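J.: Pasting the sequence and the predicted model now:
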Amino acid sequence: MHLNIFAGKGGVGKTNCAVSLALHLSGSMDIKTAVIDYDGGHSVANTLGTTTLLSRNMVCPMKKNFAIAIVENTDFVGIAEAITKKWTLKEYLAQFPGEFGLIPLTDMVNAFFGVLTDTVTLQKFATLITLLAQLEQRGYERVIIDVEPTAGMERLLLNVQSTARSLTNLQNQGIISLSMIGAKWPHIAGYLKGDYIKHADKHAANIQHVATLLTNAKYMIVSTPEASPINQTFEVRRIIEKFGGKVHGYVVNNLRGEAHEASNISRLDAEGLPVVKIGRQAGLHSGKERTPILLNMGALIARELV
Ligand SMILES: Nc1ncnc2c1ncn2[C@@H]1O[C@H](COP(=O)(O)OP(=O)(O)O)[C@@H](O)[C@H]1O
Ligand SMILES: [Mg+2]
């Protein structure tokens, strides 16, 4: 399974690129393809023009070779509130099946030790691990992730690394010393004896697998031909490369042939990577059938990805 990730500033056309590539690969190329909407909300479904209400955090097959999965946070009752509500530890932990089992740790570290952890990002990451495993199992060859704009993508990539590290620490000497802390903090002690830590090897391997998929992903940075999003492409490239990923190329989208565009585009051309150029598609907003336009966009992008 290979990942394609469209990164960049908000509003530049990431979702349209993700959906159009997916339609091209699944429709014209007969490749089993999924889009993961990691930017929340309905943008992938809206771009597709689907009116079906799609479940969250699940693989939703749309047509032959093509599925969507929308990642969205679900609320959980934090440990402090669970204690107030007189929940048993078992009731509290039951909120976190499978890959979500790492969340109680950060939640408790937050509550008991006042160490701020990014539980929301971690929760989305746990969903991503789960969804990728399901897609892999169902034979999806290509997964396109529509990530959040710059800062959100950086949070995801940073979290992948720190999560993998914290679980490794826990597995090594960490468990022993944390058990001692657990004598003072019975909830943590109970958690450490629970299923997630019992299967920490498996979970660590799953995290590592997703880290590898994200590192080997083909990243395309999307921009419009204005100075500000073009400037941001360089910052995005730095974030991806700091994580160990590789930028495969750029997409300059929504070209209108105006005078100021050429000098901005030439800054991307100078990077020596493929630059896909996509013109403004008036038809995207005319209420007409969008699929043929998206298929054309997808074919342009795919040409640079082989
Ligand atoms: N090539 C294009 N021509 C015309 N409109 C476009 C084009 N690409 C994107 N848009 C429009 O720009 C807006 C933002 O696109 P979207 O893909 O949602 O961006 P992002 O996911 O980066 O926020 C949408 O209204 C979309 O229809
Ligand atoms: Mg989007």
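T.: Everything's here; your move. Everything numeric in this text was worked out from a predicted model, so none of it was measured. Ligands and ions are numbered 1, 2, ... in the order given.

J.: Relative to Gly40, how far out is the nearest residue to Ser55 once chain neighbours are set aside?
T.: The shortest distance from Ser55 to any non-neighbouring residue, by CB to CB, 6 or more residues apart in numbering, is to Ile70 (7.9 Å). In short, each C-beta sits where N, CA and C put it, glycine included. Distance, Ile70 to Gly40, using CB to CB, to the nearest Å: 8 Å.

J.: and what of Ile5?
T.: Distance from Ile5 to Gly40, by CB to CB: 16 Å.

J.: between these two, who's got more neighbours?
T.: Ile5 (26 against 15; other CB atoms under 10 Å).

J.: Next, see if the host helix or strand of that one gets close to ligand 2.
T.: Ile5 belongs to strand 2-8 when assigned by DSSP states H and E. No - Strand 2-8 stays clear of ligand 2 (CB under 5 Å from the ion), getting no nearer than 8.5 Å.

J.: how distant is that strand from the center of its chain?
T.: 9 Å (CA atoms, centre = their mean, to the nearest Å).

J.: helices or strands next to that strand in the packing?
T.: Where contact means 3 or more CB pairs under 8 Å, 6 or more residues apart in numbering; DSSP states H and E, strand 2-8 is packed against helix 14-23, strand 142-146, helix 150-169, helix 200-216, strand 218-223, helix 227-243.

J.: top strand in the chain by residue count?
T.: Looking across the chain with DSSP state E, the single longest strand is strand 246-255.

J.: Can that one be said to contact ligand 2?
T.: No - contact of strand 246-255 with ligand 2 (CB under 5 Å from the ion) is absent, the minimum separation being 11.9 Å.

J.: quick one: average confidence on that strand?
T.: The average pLDDT for strand 246-255 rounds to 97.

J.: now the angle between helix 200-216 and it, please.
T.: Computed by axes from the mean of the first three to the mean of the last three CA atoms, to 10 degrees, the angle separating strand 246-255 from helix 200-216 equals 50 degrees.

J.: Minimum distance to ligand 2, which residue of the protein gives it?
T.: Thr15 (3.3 Å; CB to the ion).

J.: Not counting sequence-adjacent ones, nearest residue to that residue?
T.: Ser43 (4.6 Å).

J.: That neighbour - how many residues pack around it?
T.: Every residue meeting other CB under 10 Å relative to Ser43 is counted, giving 17.

J.: Check whether it really touches Asp37, as I assumed.
T.: Yes - under the criterion of CB atoms under 8 Å, Ser43 makes contact with Asp37 at 6.5 Å.

J.: anything in contact with each of those two?
T.: Shared contacts of Ser43 and Asp37, defined by CB atoms under 8 Å, 6 or more residues apart in numbering, are found at 15, 146.

J.: thinking again about what came up before, so the residue of the chain closest to ligand 2 sits against Ala45, correct?
T.: No - contact criterion CB under 8 Å: Thr15 and Ala45 do not qualify, at 9.9 Å.

J.: Next, show the common contact partners of these two.
T.: Common neighbours of Thr15 and Ala45 (CB under 8 Å, 6+ apart) are Asp37.

J.: re the thing from before, could you dump the helices and strands packed on strand 2-8 into a markdown table with mean pLDDT added?
T.: Putting those into a markdown table (pLDDT from 0 to 100) gives the following:
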| stretch | mean pLDDT |
| --- | --- |
| helix 14-23 | 97 |
| strand 142-146 | 97 |
| helix 150-169 | 83 |
| helix 200-216 | 91 |
| strand 218-223 | 97 |
| helix 227-243 | 96 |
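
J.: closest one to Gln95 among those?
T.: helix 200-216 (16.5 Å; CB to CB).

J.: tell me which strands and helices that closest one is in contact with?
T.: With contacts defined as 3+ CB pairs under 8 Å, 6+ apart, helix 200-216 has these neighbours: strand 2-8, helix 119-137, helix 150-169.

J.: Please identify the deepest-packed of these.
T.: strand 2-8 (a mean of 24; mean count of other CB atoms under 10 Å).

J.: any chance you could read off phi and psi for Val77?
T.: Dihedral angles of Val77 (phi, psi; degrees, to the nearest 10) stand at phi -90, psi 120.
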